[in-house]
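**Q** Fold the following and give me the result.
(one chain, ligands or ions: 1)
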Amino acid sequence: MEKIAIFPGSFDPITKGHESIVLRSLKLFDKTIIAIGENADKEDFFSIELRIKWIEEVFSEFHSVSVVKYKGLTIELCKQFNAKYILRGLRTSADFEFERSIGQINKNLLPGIETIFLLTKAEHTAITSSIVREIFRHGGDIQQFIPDKLDISKIDRSKLLE
Ligand code: ADP
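**A** Numbering: from 1, shown residues only. As a prediction, the model looks like this:
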């Protein structure tokens, strides 16, 4: 049976940290589905369409990686795609505490599911989408924090910050 993992998150925007987790997951799973949650509590910075476009660009050579958007429970998405694994990245002990409860609750809701954690690479520990957004908002250069395939100089900043 195919091993399918869902990698849920906001990816607002995708960072080098996310990219690394996805690339490392390719050795573990037959398919990795990046799932952008449309979260009512979180306000988007980059539009869903742009986030999807960027992720497609970054992983265009990897046919086992795809991207979807979703609303609602991650376990429902897992059922829909017959995914038995939820993939998450761990940066800090704070991440661990948060992830532990979500992982345990997801296991209660859908016993067949396993949450798989990959430790972030040391050089990516400090990278968060929210810091990248702050830098961008204030006119700083975010290129070193986002995947090399994305060329930030081609992005029309004024249009995004309207
Ligand atoms: P969420 O709002 O669900 O945390 P994110 O887009 O911030 O969404 O993160 C999605 C997943 O990627 C989470 O598992 C998060 O821990 C992981 N992640 C975020 N940044 C990094 C990073 N720098 N290195 C490794 N994993 C990361």
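
**Q** Residues of the protein that sit close to the ligand?
**A** 9-11, 15, 17-18, 21, 88-89, 91, 95, 120, 124, 127-129 (Cβ under 6 Å from any ligand atom). Backbone N, C-alpha and C define where each C-beta goes, glycine included.

**Q** what's the weakest-modelled helix or strand in the chain?
**A** Lowest mean confidence among the helices and strands of the chain (mean pLDDT, DSSP states H and E): helix 157-160, at a mean of 68.

**Q** Need the buried ones from the residues of the chain next to the ligand selected in PyMOL.
**A** A single PyMOL command is used to select the members of the residues of the chain next to the ligand judged buried by 16 or more other Cβ atoms under 10 Å:
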select buried, resi 9+10+11+15+17+18+21+88+89+91+95+120+124+127+129
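
**Q** Return the subset of the residues of the chain next to the ligand lying in helices.
**A** Among the residues of the chain next to the ligand, the members falling in helices (DSSP state H) are G17, H18, I21, D95, S129.

**Q** Nearest to E38 among the residues you listed?
**A** Comparing these against E38 with Cβ to Cβ places S129 closest, at 15.2 Å.

**Q** Below-threshold pLDDT in the protein: ranges please.
**A** 156, 158-162 (pLDDT under 70).

**Q** ok, which stretches of this structure are helices?
**A** 16-25, 48-58, 74-81, 93-109, 129-137, 157-160.

**Q** Single out the most deeply packed of these.
**A** helix 16-25 (a mean of 20; mean count of other Cβ atoms under 10 Å).
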